[in-house]
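Chemist: I need the structure of the sequence given here:
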Amino acid sequence: MTVTAPNPSPTDSSADEPTGVAVPRSSALWVLVAGAVGLAAAMTLTVEKIEILINPDYVPSCSINRSCRAVR
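Modeler: Numbers count the residues shown, from 1 in each chain. Presented below is the predicted three-dimensional model:
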């Protein structure tokens, strides 16, 4: 059984309207900034994990407390 969608008629004005949800510009900017910060943190952890694998005596940049060494 095949189901096809009806073709929109040329006089159908709803075909010209954008679909989706309107998002305020400030929310979009917040998500972009939070994503960039998360990407930077993930890259830092990855680089530090590689440094620890190369040199077991390497001290991570977040060596504020001893739990930071849990990156190992």
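Chemist: and residue 27, how many residues sit next to it?
Modeler: By the measure other C-beta atoms under 10 Å, the count of residues near residue 27 is 9. All C-beta atoms are positioned from the backbone trio N, CA, C, and that covers glycine.
Chemist: where does the protein have low pLDDT?
Modeler: 1-18, 62-72 (pLDDT under 70).
Chemist: just the helices in it please.
Modeler: Listed in chain order, the helices found in the chain under DSSP state H are 25-54.
Chemist: from residue 35, how far out is residue 29?
Modeler: The gap separating residue 29 from residue 35 is 11 Å, by C-beta to C-beta, to the nearest Å.
Chemist: please disregard the earlier target; I meant residue 60.
Modeler: Spatial separation of residue 60 from residue 35 under the definition C-beta to C-beta is 23 Å.
Chemist: quick one: which of these two has more around it?
Modeler: For residue 60 versus residue 35, neighbours defined as other C-beta under 10 Å are more numerous around residue 60 (18 against 10).
Chemist: so what's residue 25 up against?
Modeler: Counting by C-beta atoms under 8 Å, 6 or more residues apart in numbering, residue 25 touches no other residue.
Chemist: nope, residue 58 is what I meant
Modeler: Contact criterion C-beta under 8 Å, 6+ apart gives 48, 51, 52 as the residues in contact with residue 58.
Chemist: got JSON lines for these, with distance to residue 42 and neighbour count too?
Modeler: Formatted as JSON lines, the entries for these read as follows, by distance: C-beta to C-beta, whole Å; neighbours: other C-beta atoms under 10 Å:
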{"residue": "48", "distance to residue 42": "11", "neighbour count": "18"}
{"residue": "51", "distance to residue 42": "15", "neighbour count": "15"}
{"residue": "52", "distance to residue 42": "16", "neighbour count": "16"}
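Chemist: just put those residues in CSV and tack on distance to residue 40.
Modeler: Converted to CSV, these look like this (distance: C-beta to C-beta, whole Å):
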residue, distance to residue 40
48, 13
51, 16
52, 19
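Chemist: which of those lies closest to residue 19?
Modeler: For residue 19, the nearest member of these is residue 48. The distance, counting by C-beta to C-beta, is 43.4 Å.
Chemist: which residue packs closest to that closest one, ignoring adjacent ones?
Modeler: The shortest distance from residue 48 to any residue that is not its chain neighbour, by C-beta to C-beta, 6 or more residues apart in numbering, is 4.7 Å, and that residue is residue 60.
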